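J.: A predicted structure for the sequence below; I have some questions about it.
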Amino acid sequence: MAVLTAPTRRRRATRVPPVVLAFVLLPLLAEGFFVFWPAIQGFYLSLTDWNGVSAPTFVGLANYREMFGDGVFGKAFLDTVLWLVLFGGLSIVLGLGAALLLQQERRGIGFYRAALFLPVVFSLVATALVWQAMYQPDGLINQALRGLGLGSWAHPWLADQSTALYAVIVPALWREIGYVMVLYLAGLKGIDPMLYEAAKVDGASRAQQFRYVTLPQLSSVNAVVISVIVIDSLRSFDVVWALTRGGPYHSSELLSTYMYSTAFQSLRLGYGSALAVVIFILAFGVIVSYLVRAFREAD
Amino acid sequence: MAVTHASPPRAETQPAGDGRERRRADRPRGRALGTAGFHTGAVLLSALWLLPVALVLVTATRSFDDIASNGLGALPHSFTLDGFAQAWTDGGQARALLNSIIVTVPGVLLSLWLASMAAFALSRYNLPLRRTLLLLMLGGNLLPPQILLIPVSKLTEMLGLYDSLYAVIGVQVGFGVGFYVFVLHGFMRSIPQEIQQAAVIDGAGPWTIYTRIVMPLAKPALAALCALSFTWIFNDLLWSITVLRTGSKMPITASLIGLQGQYVSDWNVIAAGSVIAAAPTVIVFLRFQRHFVAGLNLGAVK
């Protein structure tokens, strides 16, 4: 097809109507104004010391050097990695599990899928408030534990430094699993049933079918899901901000929340920008691999 | 419910469903047990998932005294809509919901309008550097917003837009448009070239082709993105708290944070506020479920 259309394409390239150029330039300007130009500024600001009032002063890499001695940065970095592994890993595994459980069309399946998917449409702040109520000392979770005779486990989940981060991950997972499930359901539907038939004829067990048919066939969906989850994880802010603000004592601090409080509460805009650059660097590999895939797709 | 609609034509060809459907008449007892087991598991899972939703609805309709004396996790002893009334008026949720609509409706329309134009031009005309432009626009959307927060807040200050809803609309459009361009480009590319050529022969210009031919054909993708971007913009917290300061200007998601601070232990008010904030997206979801699920997959299958 590329060979056939090549000559006509070249001819058409010479006569693109001007209005079509405007069609592209207008949105590009909007994005350039609110995204590309600010992004360039963001990188520059990370090399400055700035309180937002007087002019920024150029300090080179001093902000980045400061991170090595900043215990809160270290904590936030590790928490972000932990978040990536736990939140990311569990939402992929549990989302795939839910999709496998609910893949078959049968009576009532629409209801089950909708139930798992419903939280996806809630804002993360609303989600956080719902769970905050459940986490209260007299909330549902502690009451249920007492009811089960596990009263000694009852706990101020969000106020305890050792549990705060995990207590924040759970609501985030509750909301993410349905989303991942929907992506995998579409992927599972795309698998040719003949492959399973062939596997069955060869005497493959259910586990073998999963290992040798389902998983390889899902590889492109996996790549998408992993990219989406990594990007989402690094952006995670709302749910932590609403539940703990990164506390108590930075025990649930992520780079995103630390960046926000450094920039907009401590008004250290240069250091905040440098923290944002670190988040960007963590996301960079995934963004590039996503774009490479998109590039291949865009013919 | 309508989630199933995304797939019914191929339902019979589903790997496991295949044999079972055909043999339903003489289904062995093992199968019946399997079905019962499946439904038991699925019902329990759904119940677990819906439990927090049910709990927030119950909490929102309890009275403050009931919660204070019986405890937050206890069974309800009262039914009242006071929590809603308080969140709606004293908590400023009425105003916040209006702010959200002022931001969301133009935000969705404007970003899809701009994105559809760019996607049209990039997919239907052989522009120079079109692939580069497409990826540049998508790349902008993939950036972590954190890198943009400080410059954007300073930019809106410089323009005199800081602390106004216009700033939120602008940011939402600028940041979202790249993703919508990419998705719509993928969709519009599949519209046959012949239709466009026929229109060109009939003397139609790009604007006519865009409004009369490509946009009507792109409706499914536009509907899906509409549902998706509505929830994204409506649910946003970060951009709002970055470019807004005044409490009465906050959209609903950001105002929930305010409500949380204002009514620290009035759980009925906080729960009612959460219900109010979640209701519009739940309505959109239930009404346009099919578009919604389609939108998520459109965006993902890359």
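T.: Thanks, I have the structure now.
J.: Going by C-alpha atoms from here, please, whenever you check contacts or count neighbours.
T.: Will do.
J.: who's in contact with the residue nearest to residue A:64 when sequence neighbours are not counted?
T.: Distance criterion Cα to Cα, 6 or more residues apart in numbering or on different chains; nearest residue to residue A:64, sequence neighbours excluded, is residue A:274 at 6.6 Å. Shown in contact with residue A:274 (Cα atoms under 8 Å, 6 or more residues apart in numbering or on different chains): A:43, A:45-47, A:63-64.
J.: now, which of those lie within helices?
T.: Counting by DSSP state H, the members of the contacts of residue A:274 that fall within helices are A:43, A:45, A:63-64.
J.: Could you identify the least confident member of these?
T.: The member of those with the lowest model confidence is residue A:63, at 90 (criterion: pLDDT).
J.: Please identify the buried residues of stretch B:196-207?
T.: By neighbour count on 16 or more other Cα atoms under 10 Å in any protein chain shown, the buried set for stretch B:196-207 is B:196, B:199, B:206.
J.: now the residue sitting nearest the centre point of chain A: how far from chain B?
T.: In chain A, the C-alpha closest to the average C-alpha coordinate belongs to residue A:232, at a distance of 1.3 Å (Cα atoms, centre = their mean). For residue A:232, the distance to chain B (Cα to the nearest Cα, to the nearest Å) stands at 9 Å.
J.: Now do that residue against residue A:35, distance only.
T.: Using Cα to Cα, to the nearest Å, one obtains 18 Å as the distance from residue A:232 to residue A:35.
J.: where are the low-confidence patches of the stretch 1-150 of chain A?
T.: Confidence mapping of the stretch 1-150 of chain A against pLDDT under 70 gives the ranges A:1-14.
J.: just to revisit the earlier point, can you list the contacts of residue A:274 in a markdown table and add neighbour count?
T.: Formatted as a markdown table, the contacts of residue A:274 follow (neighbours: other Cα atoms under 10 Å in any protein chain shown):
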| residue | neighbour count |
| --- | --- |
| A:43 | 19 |
| A:45 | 26 |
| A:46 | 27 |
| A:47 | 21 |
| A:63 | 19 |
| A:64 | 16 |
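J.: How is residue A:248 assigned, secondary-structure-wise?
T.: Under DSSP: H, G, I helix; E, B strand; the rest coil, the three-state class of residue A:248 is coil.
J.: Surely it is in contact with residue A:163?
T.: No. Under the criterion of Cα atoms under 8 Å, residue A:248 is not in contact with residue A:163, lying 10.1 Å apart.
J.: sorry, back to before: give the contact list for the residue nearest to the centre of chain A.
T.: Neighbours of residue A:232 in contact, by Cα under 8 Å, 6+ apart: none.
J.: Backbone dihedrals for residue 202, both of them.
T.: Went with chain A since none was named. Here the main-chain torsion angles of residue A:202 (degrees, to the nearest 10) amount to phi -80, psi 0.
J.: not quite, I wanted chain B
T.: Here the main-chain torsion angles of residue B:202 (degrees, to the nearest 10) amount to phi -80, psi 0.
J.: What separation do you get for it and residue A:16?
T.: Taking Cα to Cα as the measure, residue B:202 falls 18 Å from residue A:16.
J.: those strands in the stretch 51-200 of chain A, which residues are they?
T.: Under the criterion DSSP state E, counting those that start in this stretch, the stretch 51-200 of chain A contains strands at A:57-58.
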